[in-house]
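Engineer: this one's structure only:
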């Protein structure tokens, strides 16, 4: 199941016609997405921001 962060990231990339692929999950840590920008490939690790009552300014 995709997180809200993943959904928004994919919608942003698709809306801007940026090719991407989700990197298969594994037991070892690895990035979440491979994004192609021209001849450059960039990997992204997404984090989900959630409300935390212990966090304040």
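Structural biologist: Arrived safely, thanks for sending. This is a predicted model, so every value here is computed, not measured.

Engineer: and the closest residue in space to residue 49 that isn't next to it in sequence, helix, strand or coil?
Structural biologist: By the measure of Cβ to Cβ, 6 or more residues apart in numbering, the closest residue to residue 49 outside its immediate chain neighbours is residue 5, 7.1 Å from it. For glycine as for every other residue, the C-beta is placed from the backbone atoms N, C-alpha and C. In the three-state summary, residue 5 is assigned as helix, counting by DSSP: H, G, I helix; E, B strand; the rest coil.

Engineer: Could I get the full set of helices for the chain?
Structural biologist: For the chain, the helices defined by DSSP state H cover 4-15.

Engineer: where does it have low pLDDT?
Structural biologist: Along the chain, segments meeting pLDDT under 70 span 57.

Engineer: switch the cut-off to 90
Structural biologist: Within the chain, the set of residues satisfying pLDDT under 90 comprises 1-3, 25-30, 47-57.

Engineer: Report the central residue of it.
Structural biologist: In the chain, the C-alpha nearest the mean C-alpha coordinate belongs to residue 46, at 4.1 Å (Cα atoms, centre = their mean).

Engineer: pretty sure that one is in contact with residue 5, am I right?
Structural biologist: Yes. Taking Cβ atoms under 8 Å as the contact criterion, residue 46 and residue 5 are neighbours in contact, 4.8 Å apart.

Engineer: I'd like to know how many residues surround the residue nearest to residue 49.
Structural biologist: Taking other Cβ atoms under 10 Å as the neighbour definition, residue 5 ends up with a count of 14.

Engineer: give me every residue that touches it.
Structural biologist: By Cβ atoms under 8 Å, 6 or more residues apart in numbering, residue 5 lies in contact with 46, 47, 48, 49.

Engineer: Let me know how buried the last one is, in neighbour terms.
Structural biologist: Just to be clear, that refers to residue 49. By the criterion of other Cβ under 10 Å, residue 49 has 9 neighbours.
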